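Visitor: here are the coordinates; sequence isn't available:
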C-alpha cells in the first residue's frame, strides 16, 4: 500500500487503507505484538538494548566442510572386514570340527580294530586267571608271557597308552569290573567310563564295545601328567550264561592317546587364525582401495559443490565426464542444477531490474495523481485509488478551469492494466489538462482530448472517462461521459439514487466525426445533502473466489445506506465492503472512487 501525499486522499495498494492528512507526508507505522503499551502507543526500541552477537558462552558454528562421522572409506572397509572375519571364523570352526571328527573317527576305528584283535587274547588271559590263580608257579609263568606280549604291542604302537584286563572281585557280574588282572603299565591311573559314549562308525560293529573320552596319567621325565585319551572296553564273556548287556564278569580295555587329535586341532586353529589374519588384511586393503576409488569422485564433487556454494555458478563438475556410474549421474544432475541456479540468478537480476523500473513507474504514476484535495466551501470531498498491479490504468483528477467558481473533476479508466495502461493514462491526463484550461464545456473538452488521443493510442486500446465541472457558488454540475460508468447522485430530498450517463463513446475509438456527433453533456442542480459518486468499473466488477461480481445494485444499496456519512467514512466503508466481498481472491482490476457531498 502506498499513500498519496495529498490532503485526505485515500490511496490503497492492499486491503489496509492509509489516510494522509492535508499538507503532510504519511509514514506507515507497524506496531508488533508486545511492543505497545496499554494506551496502544508504539514503544521506541533502542539499538543499545539489542543483544550482541558473538557473546561468550555460545559455541562457534561447526565447519560445514568437516566430516561429522566416519569417512566413506572406513564405512566400506569395516563391514567388508567384519564379513571376512565372520566368514573365516565360520570356516575355521567348521574345518576344525571336521578335522577333529575325522581324526577322532580314525582313532576310534583303529582302537576298535585293536580291541577286536585282542579279544581272544583277553579270553585266554581270563581263562588262565580262573584256572591257575591257585597255582602260583604256573600263574606267574603264564602271566609273565602275557605281560611280555602286551609290552611288545605297546612298544610297536606308541598310540596305545595301555592294555588292561579287569575282572569282578566279587565273582558276580557287575557294570564296571575293577579288579586288575593284567595291565601293560602297572600302577597307571585309568578313568572310569562315563555315561556319554562315542559311536563307532563301522558296519556291523559290536554293540558291546564301549568307547569314551577320559584322561591317562603318563609318567615322563618331568613327572606325571594327564593326557587326553580314548578308552575302549569290551566284555569278556566267560560262558554261555554270560549274556547280560550291562553287567559282566570281566572286560578288556585298550587306552589310546588322543593327543594327536589335540595337536592336529591346535595346528588347524593356528593355520586358520593365520589364514584369517592374512585374508582380513587383504580384504581391508582391497576394501580401502575400492573405497578410495569410489570416494575420489565424490570428494571431487564436494569440492565442486563448495565452489558453487562460494558463488561460482559458472563452475561445472568434471566428474560428469570422467565417471560413468551413479556418481557420474549425480555430477550430471549437479551440473544441471548449477545451470538452473545460474539461469535463476540471471532471472532474479532481471526481475530486480524490472522491479526497480516498476517502482519508478509507480512513483511517477502516483505523482500524476493530485497531491491534495481541493478545499471547497460547503463541499465535503474525498477520493480513493487502489491499483491491481504495480502500476494501474485508472485516473482521477481535479482541474481548475480558469476562475475560482468552477472546478473540473474527472475519473477515467484505460483498457488494460500495468505499464501499457499507465502510459496511456499519462498521455490522456496531459492532453485532458491542456484541453481543460479555460474551457467550461465538458463535451468540448472530451472531444478535443479524443482528437489527440485517437491519433496516438494503440489499436485496440481505449479510455472511458466521466468529466464534470462544478459551479461552486451555484452548485450546478455539468457532466459529459465518454462511455464511462454512470455517475451516481443521491438526492437527499427524495432519498433516491439518480444515475447520470450522458451519451458518448470511449476516447480513442474514433478520431473525431463519430465521437463529436455522439458526445453530449447534461446539466444538474445539486442541493444540500446531495452526494455525487464517480467510480471506475473495478468497483462494481470486484470478484470473490467464486468469481461473483459485487454489482451495480450493491453499489446503489451501499450509497443509499451511507450517503449521509462524511465523505472520508463513506469511502473507507466502501473499500472495506469491497475487501469483504473479495475475500482471499486476487484483485483483478483497478479501483477508483471520487465522491463529494453538498453540506452547505
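Guide: Okay, I see it. Since we're looking at a predicted model, the values are computed, not measured.

Visitor: From now on I want contacts and neighbour counts done on CA atoms only, so please keep to that.
Guide: Will do.

Visitor: The closest residue to residue 154 other than its chain neighbours bridge partners, please.
Guide: Using CA to CA, 6 or more residues apart in numbering and skipping the chain neighbours, the partner closest in space to residue 154 is residue 160 (6.0 Å). Legend: beta-bridge partners of residue 160 under DSSP bridges are residue 256.

Visitor: Pretty sure residue 160 sits against residue 256.
Guide: Yes. Using CA atoms under 8 Å, residue 160 is in contact with residue 256, at 4.4 Å.

Visitor: who's more crowded, those two?
Guide: A direct count of neighbours by other CA atoms under 10 Å for residue 160 and residue 256 places residue 256 higher, at 25 against 19.

Visitor: Relative to residue 119, how far out is that one?
Guide: 16 Å (CA to CA, to the nearest Å).

Visitor: any chance you could read off phi and psi for residue 316?
Guide: Per-residue torsions, residue 316: phi -120, psi 140 (degrees, to the nearest 10).

Visitor: got a list of what the nearest residue to it once chain neighbours are set aside touches?
Guide: Among residues not flanking residue 316 along the chain, residue 335 sits closest, at 5.6 Å (CA to CA, 6+ apart). Residue 335 makes contacts with 316, 317, 320, as judged by CA atoms under 8 Å, 6 or more residues apart in numbering.

Visitor: Quick check: residue 215 touching residue 227?
Guide: Yes. If you go by CA under 8 Å, residue 215 and residue 227 touch, sitting 5.3 Å apart.

Visitor: Residue ranges in the stretch 51-200 of the chain under the pLDDT threshold?
Guide: The model of the stretch 51-200 of the chain has pLDDT under 70 over residues 51-69, 72, 187-189, 191, 195.

Visitor: and what of the stretch 301-450 of the chain?
Guide: In the stretch 301-450 of the chain, residues with pLDDT under 70: 390-391.

Visitor: where along it do the strands fall?
Guide: All strands of the stretch 301-450 of the chain, identified by DSSP state E, counting those that start in this stretch, fall at 379-386, 394-400, 406-414.

Visitor: Include mean neighbour count when you put those strands into a markdown table, please.
Guide: Converted to a markdown table, the strands of the stretch 301-450 of the chain look like this (neighbours: other CA atoms under 10 Å):
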| stretch | mean neighbour count |
| --- | --- |
| strand 379-386 | 23 |
| strand 394-400 | 23 |
| strand 406-414 | 24 |
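
Visitor: So which of these is nearest residue 173?
Guide: Nearest of the strands of the stretch 301-450 of the chain to residue 173, taken as CA to CA: strand 379-386 at 123.7 Å.

Visitor: Give me the angle between that closest one and strand 394-400.
Guide: With axes from the mean of the first three to the mean of the last three CA atoms, to 10 degrees defining the directions, strand 379-386 sits at 150 degrees from strand 394-400.

Visitor: For strand 379-386, which strands pair with it and how are they oriented?
Guide: Strand 379-386 has its sheet partners listed here by DSSP bridges as strand 9-12 (parallel), strand 591-598 (antiparallel).

Visitor: which other residues reach the last one?
Guide: This points to strand 591-598. 378-388, 394-396, 411, 526-539, 566-567, 571.

Visitor: which strands and helices sit next to the longest helix anywhere in the chain?
Guide: Once the chain is assigned using DSSP state H, the helix that runs over the most residues is helix 72-132. Packing partners of helix 72-132 (3 or more CA pairs under 8 Å, 6 or more residues apart in numbering; DSSP states H and E): helix 136-156, strand 179-183, strand 223-235, strand 250-257, helix 259-309.

Visitor: at 6 Å what do you get?
Guide: Counting by 3 or more CA pairs under 6 Å, 6 or more residues apart in numbering; DSSP states H and E, the packing neighbours recorded for helix 72-132 are helix 259-309.

Visitor: Run the chain-centre distance for the helix it packs on.
Guide: 34 Å (CA atoms, centre = their mean, to the nearest Å).

Visitor: Please apply the same query to stretch 126-146.
Guide: 97 Å.

Visitor: Equivalent analysis for stretch 202-211, please.
Guide: With CA atoms, centre = their mean as the basis, stretch 202-211 stands 72 Å off its chain's centre.

Visitor: Over to that stretch now: how far is its first residue from its last?
Guide: Terminal residues of stretch 202-211 lie 13 Å apart, using CA to CA.

Visitor: Pick the one among the contacts of residue 335 closest to residue 354.
Guide: When those are compared against residue 354 (criterion: CA to CA), the nearest one is residue 316, at 29.3 Å.

Visitor: Could you check which of residue 215 and residue 227 has the larger neighbour count?
Guide: Shown here are residue 215 and residue 227; by other CA under 10 Å, residue 215 has more neighbours (19 against 15).

Visitor: thinking again about what came up before, out of the strands paired with strand 379-386, which gets the lowest mean score?
Guide: Lowest mean pLDDT of the strands paired with strand 379-386: strand 9-12, a mean of 49.

Visitor: for residue 190, what are its contacts?
Guide: Residue 190 makes contact with residue 216 under the criterion CA atoms under 6 Å, 6 or more residues apart in numbering.

Visitor: just residue 457 next, same as before
Guide: Contacts for residue 457 (CA under 6 Å, 6+ apart) come out as none.

Visitor: cutoff 7 Å now
Guide: residue 508 (CA atoms under 7 Å, 6 or more residues apart in numbering).

Visitor: Quick check: phi and psi at it.
Guide: Dihedral angles of residue 457 (phi, psi; degrees, to the nearest 10) stand at phi -80, psi 150.

Visitor: Mind pulling the model confidence for it?
Guide: pLDDT, residue 457: 86.

Visitor: Renumber starting at 40 from here on
Guide: Done: numbering now begins at 40, and the last item shifts to residue 496.

Visitor: Against residue 285, how distant is it?
Guide: From residue 496 to residue 285 the distance is 128 Å (CA to CA).

Visitor: do the same with residue 459
Guide: Counting by CA to CA, the gap from residue 459 to residue 285 is 119 Å.

Visitor: So which of those two has more stuff around it?
Guide: residue 459 (17 against 11).

Visitor: Excluding chain neighbours, what is closest to the more buried one?
Guide: Nearest residue to residue 459, sequence neighbours excluded (CA to CA, 6+ apart): residue 432, at 8.0 Å.
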